[in-house]
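**Student:** Curious how this folds, go ahead:
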Amino acid sequence: MLVPTARPTSRASTRALAVAAAVLVAVSVALPAPALEAASGPKTLAGTTSIKGSRTGALAVRLPRAASVQVRSPGGTPDGSPAPGIAIDGRGRLAGFYLTSPDVTDVRRPYLAAFQFRFCPEGGCRPADRAYEYVYSSAYDAATGGEHEHPGAVELPAGDYLLYLVSDGAPVDVRIRLKGLGGKTTLRPAASVTSGFSVPTEESATSIAGGKAFWYGHEASFSGQGGMYVGAMRLDVEDWSYLRVGLCISEGAAAPPQVRDAPYCPVGQGAAEERTEVVPVDRAFVKPWIGFVGAPGDFAFGQHYTGVFSEADVDSISFHVDVDPASIR
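**Tutor:** Now for the predicted structure:
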């Protein structure tokens, strides 16, 4: 099952991206995935849960009772602003976490994910480089089967979860405030997982029509139950009246990357956001994406844009992680 759309529960407007078959050239990092010691059992989440590490890793955890995380201020905050109940400190281009029910094939499963994007040169980011943060959660309250009761918070039912720390190789420190729980704990997800991080290269990116259209592909192989993809595109556009930013997800090698990842998703599934201005404007913004694949296989995730403007600068980031509950005990 492929899912290109997720519902970001950030102060930003809702961004949809849901597919049932999965949605660039990615630098794949395949590491052995030994199971955690079964005797140790899942670690217990606490009222203040800190997650630390310098590389992507996984951990089995347990939520002893239902809890909630505040992801939006009551009065609303600008797009990309930090969530009240989540703090992310990372010097890399991508930092964050993914907490999910082990049954990743269930599109209604409870999950919570938050990521910080920094568009800076390889080798690390400076403290002055601006960070953009986005929070995503399941669209439904697992306890009632309906929409979340509290729009500003994410409710997580008691039970077992998989916790993934996400990093592009730089130290990450995440803090989550789980209302309904007490105490403090620090977790260091250490189970190795297969993951990949990429930015556009001459081989993976295509630009045509004088820069009026651009796309690039991130390739991922999932061997477990499926996987998670997260990415973002930053655009600084001058004198524009129309802009379309999208994400395509395709399975297998159905077509060359130059075709496969193109706007309007000629061989896959996708989602897009269109913006039109009555009077041409200059504006910079970040468009984040999250997508899920509920089956093993080879997939490609293509970010793209097309528009009517005089000039545009673009930066993109893509990341995927293989989700295999059987390897995390």
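
**Student:** Please report how far the residue nearest to residue 308 when sequence neighbours are not counted lies from residue 105.
**Tutor:** Nearest residue to residue 308, sequence neighbours excluded (C-beta to C-beta, 6 or more residues apart in numbering): residue 242, at 4.4 Å. In this view, the C-beta of every residue, glycine as well, is placed from N, C-alpha and C. Between residue 242 and residue 105 the computed distance is 38 Å (C-beta to C-beta, to the nearest Å).

**Student:** With residue 266 instead?
**Tutor:** 27 Å.

**Student:** And residue 81, by the same measure?
**Tutor:** For residue 81, the distance to residue 105 - C-beta to C-beta - is 33 Å.

**Student:** same thing with residue 298?
**Tutor:** 18 Å.

**Student:** With residue 112 instead?
**Tutor:** 18 Å.

**Student:** what about those two, which has more around it?
**Tutor:** More crowded of residue 112 and residue 105, by other C-beta atoms under 10 Å: residue 112, with 24 against 14.

**Student:** which residue is nearest the centroid of this protein?
**Tutor:** In the chain, the centroid-proximal residue (C-alpha atoms, centre = their mean) is residue 230; its distance is 2.9 Å.

**Student:** so who does that one touch?
**Tutor:** 94, 96, 113, 115, 166, 288, 289, 290, 291, 318, 319, 320 (C-beta atoms under 8 Å, 6 or more residues apart in numbering).

**Student:** go with 10 Å
**Tutor:** Going by C-beta atoms under 10 Å, 6 or more residues apart in numbering, residue 230 touches 6, 94, 96, 98, 113, 115, 117, 134, 136, 166, 288-291, 301, 317-321.

**Student:** Next, it: secondary structure please.
**Tutor:** Judged by DSSP: H, G, I helix; E, B strand; the rest coil, the three-state class of residue 230 is strand.

**Student:** Helices of this protein, residue ranges please.
**Tutor:** 257-260 (DSSP state H).

**Student:** for it, which spans come out with low pLDDT?
**Tutor:** 1-40, 74-80, 123, 139-151, 329 (pLDDT under 70).

**Student:** quick one: contacts for the closest residue to residue 284 other than its chain neighbours?
**Tutor:** Nearest non-adjacent residue to residue 284, counting by C-beta to C-beta, 6+ apart: residue 236, 4.2 Å away. Contacts for residue 236 were tallied using C-beta under 10 Å, 6+ apart; they are 282, 283, 284, 285, 311, 312, 313, 314, 315.

**Student:** partner residues bridging residue 236?
**Tutor:** Beta-bridge partners for residue 236, by DSSP bridges, are residue 284, residue 313.

**Student:** From residue 262, how far out is it?
**Tutor:** From residue 236 to residue 262 the distance is 22 Å (C-beta to C-beta).

**Student:** do residue 170 as well
**Tutor:** From residue 170 to residue 262 the distance is 32 Å (C-beta to C-beta).

**Student:** Give me the more crowded residue out of those two.
**Tutor:** residue 262 (23 against 17).

**Student:** thought that one was touching residue 205?
**Tutor:** No: in this structure, residue 262 is not within contact of residue 205 by C-beta atoms under 10 Å, at 11.6 Å.

**Student:** Can you pull the residues that touch both of those two?
**Tutor:** Joint contacts of residue 262 and residue 205 (C-beta under 10 Å, 6+ apart) are 215, 217, 304.

**Student:** my guess is the first one meets residue 244, correct?
**Tutor:** Pointing back at residue 215 there. No: judged on C-beta under 10 Å, residue 215 makes no contact with residue 244 at a distance of 11.4 Å.

**Student:** Looking at these two, which one has more neighbours?
**Tutor:** For residue 215 versus residue 244, neighbours defined as other C-beta under 10 Å are more numerous around residue 215 (27 against 17).

**Student:** Tell me what that one is bridged to.
**Tutor:** residue 206, residue 304.

**Student:** so who does it touch?
**Tutor:** 24, 200, 204-208, 233, 246-248, 257-258, 260-263, 302-306, 316.

**Student:** Residue 53 reaches residue 193, doesn't it?
**Tutor:** No: Residue 53 is beyond contact range of residue 193, at 11.8 Å (criterion: C-beta under 10 Å).
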